[in-house]
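> only the shape, not the letters, is given here:
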Ligand SMILES: [Zn+2]
């Protein structure tokens, strides 16, 4: 694990439609919030890590170049890291590695996206290879829904039960987003609203799917020495795991998703976690689709394979349940993709430091954050704790 | 009063010529002759379609070519109801991952020959394991859509 590393500050923009700010303005907005939260200035920062989705999301190549000032990178080393939807976890891991290695003491990590400036699903389609898979892509929903179907067939989950549980995941995330001032979609939905919303990719309906958001997140990583000097209540990084898979969808079993399973196992091994359902206090799962949240719960060992719908229906992952998932309202209610995985981490930091406001899980000490990316291809997991 | 902020309209259209290399050139030439070609790994024995230059599992060269039957079974599928930029079909249509007979991977394609008027009805007809067969497009262009779609076997 290298040196001990803490998160000493986080920042988020108000996510949603942000025509009130240009892209560089939005990035500056978020780094100022994070610097203030950490109680430091840019002078204290040794290096900057930035990440986004593919450049065509905003139609500008290598955006980190055109907002070098906004991101605080002038006169400092900068790294750009990009792994599609899992970017937010990848940049967090990069910041962690940089400090853990001893090569930097304080690193600013920024993830951003302005998804309302282009056709986000068109950009998503360019993620698929141009020879064989692109014409069948149907945006992100096509791939993710095929995965959900594979999972339901594999574990013989009756369609109605899967539908009921997915609707409950949607209701629960939407309820949670009401407590989150940064969330994009803040509205109450009922089980019937979800079940009667229009079909996107059967059986996935509109309220099973995340929005396209503008937004940014910044997280500041520090060495143990600096963290203890600067920060009253740091959150300590206890484990990081990341795994990739093959590029052709259909070569690995997405119903048991090896990369998600193994990324979590790696992070648990580092953090010394044996029984995640009991030991974790809160989880921020990357859940752009309701059905996927259930697959992740299984991959992360929160419940046996094929039983996530039962656990969802009995309220295990709801606010006040045994392991609350996505008290922020999750990716389902806010998805500025390049920032999303980092928002998951920032939310767990707020939870274990008692700063999560109305969405605080009482007494949370250890938490999991996660993101996935590519054509169902990458998964990253980070464990944070209030204790070193 | 909320202020209206302006945007500037622009487009980015970039032309590409994606190299197929020798393996995929041969694969697409095969489609022109209504042949689906895969390659077999001499190290681990796995067969992949489309044909690969190297084995995705053990990374060794895949020099042994095999012609695969244009039949297989559905691994998973979905019924697409929304329109996406650059897609060749207007919704509704069905995409699927298909395991062709004798191969060790999934293969992306459309499912056709199915009444698309009701997604729930489609769900009754299609499932993991449903047997399907390639339907060829009459006019060939050495591209993936030389296979028009896969249709369920009666
Ligand atoms: Zn092999």
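Yes, it's here. On a predicted model such as this, the values are computed, not experimentally measured, just so you know.

> would you map the strands across chain B?
Here chain B has its strands, by DSSP state E, at B:36-40, B:47-48, B:64-68, B:71-80, B:93-100, B:107-111, B:131-136, B:147-152.

> partner strands of the third one, with direction?
Same thing as strand B:64-68. Strand partners for strand B:64-68, identified by DSSP bridges, are recorded as strand B:36-40 (antiparallel).

> returning to that earlier point: so can I have JSON lines of the strands of chain B showing mean neighbour count?
(Glycine included, C-beta is placed from N, CA and C.) Rendered in JSON lines, the data for the strands of chain B read as follows (neighbours: other Cβ atoms under 10 Å in any protein chain shown):
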{"stretch": "strand B:36-40", "mean neighbour count": "23"}
{"stretch": "strand B:47-48", "mean neighbour count": "22"}
{"stretch": "strand B:64-68", "mean neighbour count": "15"}
{"stretch": "strand B:71-80", "mean neighbour count": "25"}
{"stretch": "strand B:93-100", "mean neighbour count": "24"}
{"stretch": "strand B:107-111", "mean neighbour count": "25"}
{"stretch": "strand B:131-136", "mean neighbour count": "17"}
{"stretch": "strand B:147-152", "mean neighbour count": "19"}
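
> next, format those as TSV and append distance to residue A:330 and mean pLDDT.
Shown next, in TSV, are the strands of chain B (distance: least, Cβ to Cβ, whole Å; pLDDT from 0 to 100):
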stretch	distance to residue A:330	mean pLDDT
strand B:36-40	40	97
strand B:47-48	36	96
strand B:64-68	42	97
strand B:71-80	22	96
strand B:93-100	26	96
strand B:107-111	29	96
strand B:131-136	36	98
strand B:147-152	36	98
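
> and the ones you listed: which comes nearest residue A:369?
Taking Cβ to Cβ as the criterion, residue A:369 comes closest to strand B:71-80 out of the strands of chain B, the separation being 28.0 Å.

> so who does the closest residue to residue B:40 other than its chain neighbours touch?
If you skip the residues right next to it in sequence, residue B:40 has residue B:64 as its closest partner in space, 4.4 Å away by Cβ to Cβ, 6 or more residues apart in numbering or on different chains. With contacts taken as Cβ atoms under 8 Å, 6 or more residues apart in numbering or on different chains, residue B:64 has the following neighbours: B:39, B:40, B:41, B:42.

> repeat the analysis, applying 10 Å as the threshold.
B:38, B:39, B:40, B:41, B:42, B:45, B:47 (Cβ atoms under 10 Å, 6 or more residues apart in numbering or on different chains).

> count the residues that sit near the residue lying closest to the first one once chain neighbours are set aside.
Okay, so that is residue B:38. Leaving out its chain neighbours, the residue that sits closest to residue B:38 by Cβ to Cβ, 6+ apart is residue B:49, at 3.9 Å. Residue crowding around residue B:49 was assessed by other Cβ atoms under 10 Å in any protein chain shown; the count is 24.

> next, the contact list for residue B:49, please.
Applying Cβ under 10 Å, 6+ apart as the definition, the contact partners of residue B:49 turn out to be A:132, A:248, B:27, B:36-39, B:66, B:68, B:72, B:98-100, B:102-107.

> quick one, strands of the stretch 251-388 of chain A?
Taking DSSP state E, counting those that start in this stretch as the criterion, the stretch 251-388 of chain A carries its strands at A:282-284, A:366-373, A:378-385.

> reformat those as TSV; add mean pLDDT, mean neighbour count and distance to residue A:191.
As requested, those are exported to TSV (pLDDT from 0 to 100; neighbours: other Cβ atoms under 10 Å in any protein chain shown; distance: least, Cβ to Cβ, whole Å):
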stretch	mean pLDDT	mean neighbour count	distance to residue A:191
strand A:282-284	98	28	23
strand A:366-373	98	29	26
strand A:378-385	98	29	29
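
> redo these as JSON lines? Include distance to residue A:256.
Rendered in JSON lines, the data for the strands of the stretch 251-388 of chain A read as follows (distance: least, Cβ to Cβ, whole Å):
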{"stretch": "strand A:282-284", "distance to residue A:256": "19"}
{"stretch": "strand A:366-373", "distance to residue A:256": "14"}
{"stretch": "strand A:378-385", "distance to residue A:256": "12"}
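
> can you tell which of these is closest to chain B?
Checking the strands of the stretch 251-388 of chain A against chain B by Cβ to the nearest Cβ gives strand A:378-385 as the closest, at 15.7 Å.

> which neighbours does the closest one have in its sheet, and in what orientation?
Paired with strand A:378-385 in the same sheet, following DSSP bridges, are strand A:235-244 (antiparallel), strand A:366-373 (antiparallel).

> ok, now how distant is residue A:380 from residue B:115?
42 Å (Cβ to Cβ, to the nearest Å).

> one more: residue A:254?
Residue A:254 sits 28 Å away from residue B:115 when distances are taken as Cβ to Cβ.

> between strand B:64-68 and the biggest helix by length in chain B, find me the angle.
Longest helix in chain B by number of residues (criterion: DSSP state H): helix B:21-32. Interaxial angle, helix B:21-32 versus strand B:64-68 (axes from the mean of the first three to the mean of the last three Cα atoms, to 10 degrees): 20 degrees.

> quick one: distance of helix B:21-32 to the chain centre.
Centroid displacement of helix B:21-32 relative to its chain, using Cα atoms, centre = their mean, to the nearest Å, is 15 Å.

> this completes my enquiry, with thanks.
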